[in-house]
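# Here's a sequence, model it:
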Amino acid sequence: MECKIKEILAIQAELGILYFRLHRKEDSYLCTIMEKSYGKNFRLGMLGGGQLGRMFIQEAMNYDVHVHCLDPDAEAPCSRLAASFTVGSLEDFDTVYTFGKDKSLVTIEIENVNVEALEKLENEGIRVYPQPRILRIIKDKGLQKQFYSDNNIPTAPFKLAANATEVCKMAQTPFVQKLRTGGYDGKGVQVVNNEDELSRLFDAPSIIENKIPFAKELSVIVVRNPKGETAVYPTTESEFNPEANLVEFLFSPAEIDAEIEKNAQELAIDVANKLDFVGILAVEMFLTNDRSLLVNEVAPRPHNSGHQTIEGNETSQFEQHMRSILNWPLGSTKITQPSVMINLLGEKGYEGSAVYEGLQEAIAMPGVHIHLYGKEKTKSFRKMGHVTVTASQLEEAKKLAKSVKKILKVKS
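Sure thing, here's the model as predicted:
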């Protein structure tokens, strides 16, 4: 009888500890496995309502995960798909805090958000992935580069400058100037080739890097859940539009040998582990002429270099992001078919209501998968959608992608 009483008391003690952890939300894994993370009572909040959020919602719907969005644009791509849509600033403390405090979990589709509000939500027991302390590092490219340096992650040598005057004193042409904060989609980055171009410097806190000669621009998408489990996608290769400084074509798999592929994937996992990151992380890299890999920068969200995963891999990057932040089993990253992704950019010189020329012709082509982002208005080089072309061989997909590029135009 005495033994039975001791056993009962021991079980009660264990249950009390479990309740305490769940009540205080100090064990995110236990919270996740004890909580139903689908259905209308599970409210997943997303900061940002752009095309990344739209594609995330399209995957989340398959699992009855309800996504609630905050974005400053009432006509943002998520506005017609989200379970609820709130118009408001992503950088205002009160707006972000008020939006997040009734959510089961908060995530992002853009990193330029109010980190202080997310920290307060996290301190009050709301799960926020990726974690606010990591967003604080990543949204400031200076802190991001310093993190690489402090953690032995290979990156291009850099200097920090407070303004254009300091850049002129510290830099030798040719060099690359990057704004520390606020840049996106190629904005906030410029190559300065000679002294005549110094007049167009950004007069704001910046990073200065030597202009690195490189053979290829690569990207690796890595995903990591709260348990520390990781999954990594095969490396992709990018070709940029030189005028807009935006990705024009993306190839999967990258045309690199097995050793570089292995090194690139290991480097991406190393970055995610050293950050203790939860969610999906795009690690952009330079492959130099001597076969070294240098981390350029990272994006703590689904990324342009992973769009082809919707048709080209067993699990899309958007589903994978959902799986990781909900602490679900991670999906297979295996390539199902070689693929090429084309960004549909607004044609230069056109502004107004979007018209997609050649859409019917492109739809008729086998292996062509079109994604329009629901943006009513176009302007020069605005991202209006993307096309993924799949084929049994990469060269075949490339050839077809070039045909689509010639046919499909976004005008007004």
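# where does the chain have low pLDDT?
For the chain, the stretches flagged by pLDDT under 70 are 1-35, 185, 242-246.
# Could I get the contacting residues of I137?
L143, Q144, F147, L275 (CB atoms under 8 Å, 6 or more residues apart in numbering). C-beta coordinates here come from the backbone N, C-alpha and C atoms, glycine included.
# Of these, keep whichever come out buried.
The neighbour count (16 or more other CB atoms under 10 Å) marks Q144, F147, L275 as buried among the contacts of I137.
# would you turn those residues into TSV with secondary structure and distance to K406?
Below are these laid out as TSV (DSSP: H, G, I helix; E, B strand; the rest coil; distance: CB to CB, whole Å):
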residue	secondary structure	distance to K406
Q144	helix	38
F147	helix	42
L275	helix	41
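# out of the residues you listed, who's nearest Y373?
Distance to Y373 across these (CB to CB) is lowest for Q144, with 27.2 Å.
# As a check, name the ranges of all strands in the stretch 51-200 of the chain.
Ranges of strands within the stretch 51-200 of the chain are 66-71, 84-87, 105-108, 127-128, 158-161, 175-179, 189-192, based on DSSP state E, counting those that start in this stretch.
# quick check, L400 in a helix?
Yes: counting by DSSP: H, G, I helix; E, B strand; the rest coil, L400 is located in a helix.
# unless I'm mixing things up, it is touching A391, no?
Yes: taking CB atoms under 8 Å as the definition, L400 is a contact partner of A391 at 6.3 Å.
# Which neighbours do these two have in common?
Contacts common to L400 and A391, judged by CB under 8 Å, 6+ apart, are G367.
# How many residues are close by E297?
Neighbour count for E297, taken as other CB atoms under 10 Å: 18.
# same thing with D203?
Applying other CB under 10 Å, we find 11 residues neighbouring D203.
# any idea how far it is from V387?
Using CB to CB, to the nearest Å, we find D203 at a distance of 38 Å from V387.
# What of Q265?
26 Å.
# do R43 as well
33 Å.
# more neighbours, these two?
V387 (23 against 18).
# quick one: contacts for the more buried one?
V387 neighbours (CB under 8 Å, 6+ apart): M341, I342, L344, A362, V368, H369, I370, H371, A401, V404, L408.
# beta partners for the first one?
Okay, so that is M341. Bridge pairing for M341 (DSSP bridges) gives the partners L250, T388.
# Verify the contact between it and G385 for me.
No: at 10.9 Å, M341 and G385 do not qualify as touching, with contact defined as CB under 8 Å.
# who's more crowded, these two?
Legend: neighbour count by other CB under 10 Å for M341 and G385, higher for M341 (29 against 22).
# Name all residues that make contact with that one.
Contacts of M341 (CB under 8 Å, 6+ apart): V247, F249, L250, S252, N304, H307, Q308, H386, V387, T388, V389.
# And V87, by the same measure?
So V87 contacts L70, D71, P72, D73, A74 (CB under 8 Å, 6+ apart).
# Out of those residues, which two sit at the greatest distance?
L70 and A74 (11.7 Å).
# what about those two, which has more around it?
L70 (29 against 10).
# Bridged to the more buried one, which residues?
Counting by DSSP bridges, the residues bridging with L70 are L47, T86.
# ok, the spatially closest residue to R200 that is not a sequence neighbour - how many residues close by?
For R200, ignoring the flanking residues on the chain, the nearest one in space by CB to CB, 6 or more residues apart in numbering is Q190 at 7.2 Å. Using other CB under 10 Å, the number of residues around Q190 comes to 18.
# Same check on the one 10 residues further on?
Number of residues near R200 (other CB under 10 Å) recorded here: 10.
# Contacts for the helix or strand encompassing E259 next, please.
Per DSSP states H and E: E259 is located in helix 258-275. With contacts defined as CB under 8 Å, 6+ apart, helix 258-275 is touched by 134, 137, 147, 151, 153-154, 218, 220-222, 224, 228, 230, 232, 234-235, 253-254, 256, 277, 281, 283, 285, 287, 291, 293, 295, 298.
# Give me the buried entries from those residues.
134, 137, 147, 153, 218, 220-222, 224, 230, 232, 234-235, 253-254, 256, 277, 281, 283, 285, 287, 293, 295, 298.
# Test my guess that M365 contacts V404.
Yes: assessed by CB under 8 Å, M365 is found in contact with V404 at 6.8 Å.
# Comparing those two, which shows the higher neighbour count?
In this view M365 and V404 are compared by other CB under 10 Å, and V404 has more residues nearby, 21 against 15.
# Looks like the more buried one contacts A362 (just checking).
Yes: V404 is within contact range of A362, at 5.3 Å (criterion: CB under 8 Å).
# Find residues that contact each of those two.
Common neighbours of V404 and A362 (CB under 8 Å, 6+ apart) are V368, V387.
# what about the helices in the stretch 101-250 of the chain?
Secondary structure of the stretch 101-250 of the chain (DSSP state H, counting those that start in this stretch): helices at 115-123, 132-138, 141-150, 164-170.
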